[in-house]
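Chemist: Quick one: sequence and predicted model below, then my questions.
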Amino acid sequence: MAVILPVNGLHPAFGENCFVAPNATIVGDVIMGDDCSVWFNAVVRGDVNSIRIANKVNIQDGAVIHCTYKKTTVDLGNNVSIGHNAIVHGCKVHDNVLIGMGAIVMDNCEIHSNSIIAAGAVLTEGTVVPAGCIYAGVPAKKVKDISQELIQGEINRIADNYLMYSSWFKTEI
């Protein structure tokens, strides 16, 4: 059974049609919209500050979403995919973003809409990713503008697939 716990009187809240894997952990000041999924071994820790997750967001296996005490929050927009083992910490992610497997997004970063953070990329503290860009590397830098094909073929496809995958699991919270 998933670990869903209050912290200091703040309970996680979930929209409709959300899937939380049996070994995921969600604690504290977390508010999640509709059609979201938190996958196996993922951790969403709203213990030290707030985490706001819009609609149709998937947080894949082993990912960690966290903040910095009294300094940073996490705000994830609509149609966001957080890849396997990614770390998303104290940042703002706008709509239609793909954060690749193993990527690290540090405090005070802001990723604007229709962008991709490549697998393994490290966005250092305070990095601002303009809309419609692909960032890669360590530290991450812009590698190119994103095409409409990538928006449809990667960002939307992955978000849609994870909504479908979550429908395969009958257990809802």
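Modeler: Received it, and whenever you're ready, just let me know what you need. Because the structure is a prediction, the values reported are computed rather than measured.

Chemist: where does the protein have its least confident helix or strand?
Modeler: helix 148-150 (a mean of 85; mean pLDDT, DSSP states H and E).

Chemist: neighbouring contacts of it?
Modeler: For helix 148-150, the surrounding residues in contact (Cβ atoms under 8 Å, 6 or more residues apart in numbering) are Ile116, Ile134. Any C-beta I mention is one placed from the backbone N, CA and C, and that applies to glycine too.

Chemist: which residues of this protein score low on pLDDT?
Modeler: 170-173 (pLDDT under 70).

Chemist: after the top strand by length along the chain comes which helix or strand?
Modeler: For the chain, the strand with the greatest residue count under DSSP state E is strand 43-53. Downstream of strand 43-53, the next assigned helix or strand under DSSP states H and E is strand 58-59.

Chemist: That following strand: how far from the chain's middle?
Modeler: Put simply, strand 58-59 sits 5 Å off its chain's centre (Cα atoms, centre = their mean, to the nearest Å).

Chemist: what packs against it?
Modeler: Contacts defined by 3 or more Cβ pairs under 8 Å, 6 or more residues apart in numbering; DSSP states H and E place strand 58-59 against strand 37-38, strand 80-82, helix 157-167.

Chemist: With distance to Cys91 and mean neighbour count added, can I get these in CSV?
Modeler: Below are the helices and strands packed on strand 58-59 laid out as CSV (distance: least, Cβ to Cβ, whole Å; neighbours: other Cβ atoms under 10 Å):
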stretch, distance to Cys91, mean neighbour count
strand 37-38, 18, 28
strand 80-82, 11, 29
helix 157-167, 19, 16
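
Chemist: Turn those into TSV, including distance to Met101.
Modeler: Converted to TSV, the helices and strands packed on strand 58-59 look like this (distance: least, Cβ to Cβ, whole Å):
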stretch	distance to Met101
strand 37-38	16
strand 80-82	10
helix 157-167	11
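
Chemist: Just tell me which of those ends up closest to Pro6.
Modeler: Of all the helices and strands packed on strand 58-59, strand 37-38 sits nearest to Pro6, with 16.7 Å by Cβ to Cβ.

Chemist: Within its sheet, name the partner strands of that closest one and how each one runs.
Modeler: strand 19-20 (parallel), strand 58-59 (parallel) (DSSP bridges).

Chemist: As TSV, those with distance to Gly137 and mean neighbour count would be great.
Modeler: Putting the strands paired with strand 37-38 into TSV (distance: least, Cβ to Cβ, whole Å; neighbours: other Cβ under 10 Å) gives the following:
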stretch	distance to Gly137	mean neighbour count
strand 19-20	33	26
strand 58-59	23	28
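
Chemist: mind giving me TSV with those strands and columns for distance to Val129?
Modeler: Formatted as TSV, those follow (distance: least, Cβ to Cβ, whole Å):
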stretch	distance to Val129
strand 19-20	28
strand 58-59	19
